[in-house]
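Chemist: Can you look at this prediction? I've put the sequence above it.
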Amino acid sequence: MKILDLAPEPYSLYLQCLEDWSDEMKDAGNKKDLWFKAMEKNGLRVKLAANDDGVVGGMIQYIPIERSHVEGDGLYFISCIWVHGHKQGRGDFQKRGMGAALLNAAEEDARALGAKGIAAWGLSLPFWMKASWFKKHGYVQADKDGIAVLLWKRFSDDAEPPRWIKQVRKPVLVPGKVAVTSFVNGWCPAQNIVYERAKRASAEFGDAVVFTEIGTMDKATMREWGLSDALFIDGKFVRTGPPPSYEKIRKLIGTRVKKLKAGYKK
């Protein structure tokens, strides 16, 4: 196994979370590319894990926490660590130590860069980025928001724990229209897919729908709302993990449009 820094050749693979075989990724647009180019100038680090044959099977991205979607000071934040686990494409690389190797490499790099600690997030439920996996590697819980757990590992005694940015506002209704509001940061292709599908579905209904994009790459905007990536239809939160299909998003919008035309909206 080899741990590699991101190079130009596998860049497109990284943008697709190693899932270049997936039709889902065709809906992700260019938000991840824009995010990478902006954050690369602000300390973003990416490492890949490859097997002995040179086939990339895992990735990790981490960034100074001040540039991330959580609060903290002097830490690095792991926004994503992923070892390809599907049979399609390059195949299943999980349970071979790639995740641990990537995590160790990121920690060593963050220490060398002078970080006081490193943070990550995981889910309290047993799938995808599990909080329990990070705990096995010495991370402790710092904060929690629903099933999303914020964890960290301290490197220095004066390090302060990170905190979630909590939601403080939600979009308002638009009189006489269906309001579709998409918050998008760019760091996660899955959430970028939601944005692209919502934008495309909204356009199908013409003037009946007002689609608003709120970019949260700027942290001041993120703090203003307390949201990084989210979708609202007439002020109601739409669950976006995993990304709902285009058809489902269109149906949700269409239902609101029908009620609007029928003179009923609440």
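Modeler: Yep, it's here.
Chemist: burial count for the spatially closest residue to Gly43 that is not a sequence neighbour?
Modeler: Leaving aside its sequence neighbours, Gly43 sits nearest to Pro64 (Cβ to Cβ, 6 or more residues apart in numbering; 4.3 Å). From N, CA and C alone the C-beta is placed, and that goes for glycine too. By the criterion of other Cβ atoms under 10 Å, Pro64 has 20 neighbours.
Chemist: Lys95 now?
Modeler: Neighbour count for Lys95, taken as other Cβ under 10 Å: 9.
Chemist: tell me which element it is part of?
Modeler: Taking DSSP states H and E as the definition, one finds Lys95 inside no helix or strand.
Chemist: quick one, domains of the protein?
Modeler: Listed by automatic domain parsing, the domain ranges of the chain are 2-164, 178-261.
Chemist: Same question for stretch 159-170: list its buried residues.
Modeler: By neighbour count on 16 or more other Cβ atoms under 10 Å, the buried set for stretch 159-170 is 159, 161-162, 164-165.
Chemist: so who does the residue nearest to Gly43 touch?
Modeler: With contact taken as Cβ atoms under 8 Å, 6 or more residues apart in numbering, Pro64 is in contact with 42-43, 75-77.
Chemist: can you tell me how far it sits from Leu34?
Modeler: Counting by Cβ to Cβ, to the nearest Å, the gap from Pro64 to Leu34 is 18 Å.
Chemist: list the contacts for the nearest residue to Lys261 once chain neighbours are set aside?
Modeler: Distances taken as Cβ to Cβ, 6+ apart put Ala208 closest to Lys261, at 7.4 Å, once the chain neighbours are dropped. Applying Cβ under 8 Å, 6+ apart to Ala208 gives the contacts 177-178, 257, 260-261.
Chemist: Now the buried members of the residues you listed.
Modeler: Those of the contacts of Ala208 that meet the buried threshold are 177-178, 257, 260, by 16+ other Cβ under 10 Å.
Chemist: So how do I select the buried members of the contacts of Pro64 in PyMOL?
Modeler: In PyMOL, a selection of the buried entries from the contacts of Pro64 looks like this (16+ other Cβ under 10 Å):
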select buried, resi 75+76+77
